[in-house]
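[1] I'd like to go over a predicted model; first the sequence, then the structure.
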Amino acid sequence: MNKKMLMIFMIGLVYPIFNNIYAQQSGKYGSLSFKSAINVSGKQRMFTQKISKAYLYLLNNTNDIQAKKDLASSQIIFEEQNRILIQNSKSIEINNRLKAVNELWKNFKEIVETQPNYDNAKKLIDINTDFLKATNAVVESIISESKKSVQDIQNSLDESGAGEDQLELESLINISGRQRMLSQRLAFYYFANRVELKNKNSTQMLNNVFHELDGALNKLLISKFNTPKIDEKIGVAFSKWNAIKKNKSILMSQKLEEDEVYRISNELTKVFNEITLLYEKVNV
């Protein structure tokens, strides 16, 4: 074999290896997989609502130990997860959105670190949705970055369909993760719908969250990525949700006990978190 033929042969061997390495490096969010980054950033949405919910709940339940723990631990985890997301981001857009979250967090934290009172509770209700939108914008940016990464891999491998299942799975992780947030937001607006806190939007917001949570459950139910374990957990989620759904009129008329609403929201969040983690572990 002459030198020219040998060189062509070596290039043929090495090129796929370099392509594979490039694909692996492109398909990550720093040291995290994109699936993990979408899950973690999605949790940040949930914590904005869990913290807000706990603060409002403590107005009438000042000695509830679990709510106090939730309020304190959620703040710590939120800050640590935002730090991890910043450390692993290589995108200017994502960095800017994470910085925006940090700026909003300063004002938010000042409120939730006070002894729960109605004046600050009203302030919390006013800024809650903007803070939630900021954390959701981070999730959307990470998903967008993953799409760019998949496109780069498709171009490098000259395979137009490569990575499509990955993107579909990441979208499902986002939907499942969003259910955690909605579970907390439902309870938050239940408490925000009290006479002392209620504004012109409170009832409509509670109704909107209810229907959004209900609709997304069906998307999880029919996913092609479902394993027997995921199906089992979705069944648990449906069971817990149906207990709320059949009592919607009682929920909307503020006739459920506050401790029951608090407990159910945490139980729903836990099972949706388990489902989201299982989707993250699916290999495509």
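    Looks like it came in fine.
[2] Point out where the stretch 1-150 of the chain drops to low pLDDT.
    Applying pLDDT under 70 to the stretch 1-150 of the chain flags the ranges 1-26.
[3] surely S74 meets S52?
    No - using Cβ atoms under 8 Å, S74 makes no contact with S52, being 9.7 Å away. Every residue, glycine included, has its C-beta placed from N, CA and C.
[4] Compare those two and say which is more crowded by neighbours.
    S52 (29 against 22; other Cβ atoms under 10 Å).
[5] Which residues are in contact with the more buried one?
    By Cβ atoms under 8 Å, 6 or more residues apart in numbering, the residues touching S52 are 112, 124-125, 128, 184, 188.
[6] top of those residues by neighbour count?
    Ranked by the number of neighbours (other Cβ under 10 Å), those place F188 first, at 30 neighbours.
[7] mind listing what the residue most central in space within the chain touches?
    Centroid-nearest residue in the chain: G42, 2.0 Å away (criterion: Cα atoms, centre = their mean). By Cβ under 8 Å, 6+ apart, the contact set of G42 is 139, 173-174, 177-178, 180-181, 276.
[8] and what of I143?
    With contacts defined as Cβ under 8 Å, 6+ apart, I143 is in contact with 34, 38, 170-171, 174.
[9] list the buried ones in whichever strand or helix holds it?
    Assigned by DSSP states H and E, I143 falls within helix 118-157. Neighbour counts over helix 118-157 (16 or more other Cβ atoms under 10 Å) mark 120-121, 123-125, 128, 131-132, 134-139, 141-143, 145-146, 149-150, 153-154 as buried.
[10] next one: stretch 81-93
    So stretch 81-93, judged by 16+ other Cβ under 10 Å, has buried residues 82, 84-85, 88-89, 91.
[11] again with stretch 211-223
    213, 216-217, 220, 223.
[12] any idea how far N218 lies from T48?
    According to Cβ to Cβ, to the nearest Å, N218 and T48 sit 25 Å apart.
[13] What of N226?
    28 Å.
[14] If you count surrounding residues, which of the two has more?
    Legend: neighbour count by other Cβ under 10 Å for N226 and T48, higher for T48 (29 against 19).
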